[in-house]
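In: Below is the sequence, then the predicted model.
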Amino acid sequence: MLVCTLTAMSFASCIESQDPTYEQTTRVRVGDLAPAFVVETLDGPTTSLDDLRGKIVLLTFFSSACPDCHAQFEHIKSRITAFDRSKFHFLPIARNENRSTVEQFRRENGYTFDMGCDPTGEIYALYATRYVPRNYLIDTDGRVISISAEPTSAELDALLSTIAEMTK
């Protein structure tokens, strides 16, 4: 028994337990056409990515339990309202969460922007396998032009500056 335990421990120490990188968990790349989907939203019945063609779209996957997601929303909430709505659409989608959870999250935090619900994670799985918040900036033709996962404040500022330039 002791020999088996020691052997198992030596094999275990040879295996590195490493989390996958953002790159390894990303299914969509810059330059790709963003995968189409239809999402149930809090303020309307549904939103289709195809219906948003012609606008710059900031697609953000998040979790209501994620402190980094909350920090990102706090960082950008006042700035995204300044963008021309005829040219820009912010589409945050809650990964693996139902409508009531997302409604409560929005209400408790005083967010006024619409949010989508992806209770099964089916939409998220088109784009990635892990990590939130995860942002995809999509151009007017539906192509991904920028991707960020767990962005810093400086990265968010750069993203918002890009959107500001694109929506002038």
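Out: Received the coordinates, thanks.
In: what pairs with the residue minimising distance to the centre of the chain across the strands?
Out: Centre of the chain computed as the mean C-alpha position; nearest residue by Cα atoms, centre = their mean is Phe61, 2.3 Å away. Phe61 has the following beta-bridge partners by DSSP bridges: Ile93, Arg134.
In: could you pull out the helices for the chain?
Out: Using DSSP state H, the helices of the chain run over 2-14, 67-80, 99-109, 122-127, 153-166.
In: Could you dump those into TSV and include distance to Gly44, mean neighbour count and mean pLDDT?
Out: All C-beta spots, glycine's among them, are computed from the backbone N, C-alpha and C. Converted to TSV, the helices of the chain look like this (distance: least, Cβ to Cβ, whole Å; neighbours: other Cβ atoms under 10 Å; pLDDT from 0 to 100):
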stretch	distance to Gly44	mean neighbour count	mean pLDDT
helix 2-14	51	8	44
helix 67-80	18	16	96
helix 99-109	12	15	97
helix 122-127	16	18	97
helix 153-166	22	14	96
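In: May I see those organised as a markdown table, with distance to Phe90 added?
Out: Formatted as a markdown table, the helices of the chain follow (distance: least, Cβ to Cβ, whole Å):
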| stretch | distance to Phe90 |
| --- | --- |
| helix 2-14 | 45 |
| helix 67-80 | 5 |
| helix 99-109 | 13 |
| helix 122-127 | 16 |
| helix 153-166 | 9 |
